[in-house]
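Colleague: Sharing a model prediction with you, sequence too.
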Amino acid sequence: MKKVQFTETVLRDANQSLIATRLPYDKFEPILDTMDKAGYYSIECWGGATFDVCLRFLNEDPWERLRKIRAKMPNSKLQMLFRGQNVLGYKHYPDDVVRKFIEYSIKNGIDIIRIFDALNDVRNLEVAIDETNKQGGHASGTICYTTSPVHTLEKYVEMVKDLKSMDVKSICIKDMAGIMGPKEAYDLCSAIKDAVPELPLVVHTHSTTGLAFMTYLKAVEAGADVIDTAISPFSGGTSQPATETLVYALKQLGYETDVDEGKLKEIADYFKPIRDAYIADGTLMPKSMATDTQCLVYQVPGGMISNLLSQLKMMNALDRFDEALAETPKVRADMGYPPLVTPTSQMVGVQAVTNVLQGERYKKVSNEIRAYCRGEYGRTPAPINPEIKKKILGDIPEVEGRYADSLEPQFEKTKKELGDKASCDEDVLSYIAFPEVAEKFYSARRKQEENHAKYSIVKMD
Ligand code: CO
């Protein structure tokens, strides 16, 4: 009997996709013990936007959150999402920062690191994978899934073989927009399983377009070993499909799972009132839970459509929406068909709006698009349209080789600069990732500690 395993996303991706990562640690702590015994393959609980949001909005130290989860879940594999050379941010960091971040993520409790690059340029994954292996972690080599004339099965298989040669412990197909259909999933999973049968294959998608259940079923038929799901109250819409539903369906079809359905019910019962409270206070909007097939028509991910709308609204140009929407795939083609994921999705969307509103294409471009054309983000899937590249770059020279090779080491230098503002190496890493927010957070923390100390002294008197 073939076995299918589950990665539970409620603490990270479901939390991020439905309620902008606003779930504070205290709200989920009481259920961690039950989750630890539910029989999941792994629990995705860190990375992605959790780090930034902890510091910026929740007044939580993300490292502290990780240590607490680790202590409450001694039996589970804890998983994080890592943007390759971009770490948890939006730009490239020097190698020493990438390595330190991985080292401390593992030291503080992470087991599996899912490592991806927005352009699928494996040179941007190499250092993170190498350090994960050195630290004894599980590096999951990740493909960002997209469709274009250059994203063929052969190309994906080539990438998977590159990842294998870097000694990843599993392969993950990351369909961040929920655009992978059941046939595409079947074909891609079959091709990957043929190429690297010894590596576990994980599939990640979103319910946004409504394809996800069908996609997972066909992925499993083709040999996928692990699927990403969310406990039912935090499933559907822009999140993952429901864990319980897939366990039920796959068991009926004769697959074996390690998941304890009684525990799943307890977990669902726990999260239901939490979900309802987020609906009541407007944090969780009905729109996020609905099925949206627009992106199957326009080939633009759902999240980008709402970004386009809000940009145009700000510029009082909502009447140009159809033009901006039509321009988006054209910009993507000009840029060499990048997968649309953070940060390329934002860059392409903003450029499409600018092109339409300026009345001349690429008359104005963002610094990010210029850096992208220079090659700072890595190798594009197809060449950038040469005329447009020339118009954007003028005499600015292009990057040769891997961009991170030109970056000076940063960790020790920043540590010295911060002095006693940072109380440990983890503080230094938070500062490097998000300087302003981290600094604000640490000074608030210090004040709290000082007040606490004063209070203790008074009490002792
Ligand atoms: Co996702």
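Modeller: That came through fine. Here the structure is a predicted model, which is why all the values come from computation and not from measurement.

Colleague: Next, the contact list for residue 396, please.
Modeller: Residue 396 makes contact with 370, 374, according to CB atoms under 8 Å, 6 or more residues apart in numbering. All C-beta atoms are positioned from the backbone trio N, CA, C, and that covers glycine.

Colleague: Just say helix, strand or coil for it.
Modeller: On the three-state scheme (DSSP: H, G, I helix; E, B strand; the rest coil), residue 396 is labelled coil.

Colleague: State the distance from the residue of the chain found nearest the ion to residue 237.
Modeller: In the chain, the residue that lies nearest the ion is residue 13 (4.5 Å; CB to the ion). Distance from residue 13 to residue 237, counting by CB to CB, to the nearest Å: 12 Å.

Colleague: swap in residue 251?
Modeller: Counting by CB to CB, the gap from residue 251 to residue 237 is 25 Å.

Colleague: if we can go back for a sec, any idea how far the residue of the chain closest to the ion is from residue 80?
Modeller: From residue 13 to residue 80 the distance is 11 Å (CB to CB).

Colleague: Show me the common contact partners of the two, please.
Modeller: With CB under 8 Å, 6+ apart as the test, residue 13 and residue 80 both reach 44, 48.

Colleague: So between residue 251 and residue 237, which is more surrounded?
Modeller: residue 237 (25 against 14; other CB atoms under 10 Å).

Colleague: Spit out the contact partners of the more buried one.
Modeller: 17-18, 207-208, 287-292.

Colleague: Please produce a ChimeraX select command covering the buried subset of those.
Modeller: The buried residues among those can be selected in ChimeraX (16 or more other CB atoms under 10 Å) with this line:
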select :17,18,207,208,288,289,292
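
Colleague: can you list the contacts of residue 237 in CSV and add distance to residue 199, secondary structure and pLDDT?
Modeller: Below are the contacts of residue 237 laid out as CSV (distance: CB to CB, whole Å; DSSP: H, G, I helix; E, B strand; the rest coil; pLDDT from 0 to 100):
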residue, distance to residue 199, secondary structure, pLDDT
17, 27, helix, 89
18, 31, helix, 92
207, 26, coil, 95
208, 27, coil, 91
287, 38, helix, 82
288, 33, helix, 86
289, 34, helix, 90
290, 36, coil, 88
291, 32, coil, 91
292, 33, coil, 86
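
Colleague: of the contacts of residue 237, list those near the ion.
Modeller: Residues of the contacts of residue 237 in contact with the ion (CB under 5 Å from the ion): none.

Colleague: Using the record's domain definitions, break this structure down for me.
Modeller: Domain ranges of the chain: 5-280, 293-404, 411-460, per automatic domain parsing.

Colleague: Deepest-packed of the ones you listed, please.
Modeller: domain 5-280 (a mean of 21; mean count of other CB atoms under 10 Å).

Colleague: now the end-to-end length of that one.
Modeller: 33 Å (CA to CA, to the nearest Å).

Colleague: How about residue 3, nearest residue that isn't a chain neighbour?
Modeller: Excluding the flanking residues, the one nearest residue 3 by CB to CB, 6 or more residues apart in numbering is residue 256, at 4.5 Å.

Colleague: For the stretch 151-300 of the chain, which residues are neighbours of the ion?
Modeller: residue 176.

Colleague: Show me the shaky parts of the stretch 151-300 of the chain.
Modeller: 299 (pLDDT under 70).

Colleague: What segments of it are helices?
Modeller: 153-165, 182-195, 212-221, 243-252, 261-280, 286-289, 294-298 (DSSP state H, counting those that start in this stretch).

Colleague: Columns distance to residue 176 on top of the ones you listed, output as CSV?
Modeller: CSV is the format used below for these (distance: least, CB to CB, whole Å):
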stretch, distance to residue 176
helix 153-165, 15
helix 182-195, 14
helix 212-221, 12
helix 243-252, 19
helix 261-280, 22
helix 286-289, 15
helix 294-298, 11
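
Colleague: model confidence over the helix or strand hosting residue 332, on average?
Modeller: For residue 332, the host element (DSSP states H and E) is helix 321-334. Per-residue pLDDT over helix 321-334 has a mean of 93.

Colleague: Isn't residue 393 up against residue 374?
Modeller: Yes - using CB atoms under 8 Å, residue 393 makes contact with residue 374 at a distance of 6.6 Å.

Colleague: which residues touch the residue positioned nearest the centre of the chain?
Modeller: Centroid-nearest residue in the chain, with CA atoms, centre = their mean: residue 48, separated by 4.4 Å. Going by CB under 8 Å, 6+ apart, residue 48 touches 12-13, 16, 21, 80-81, 88.
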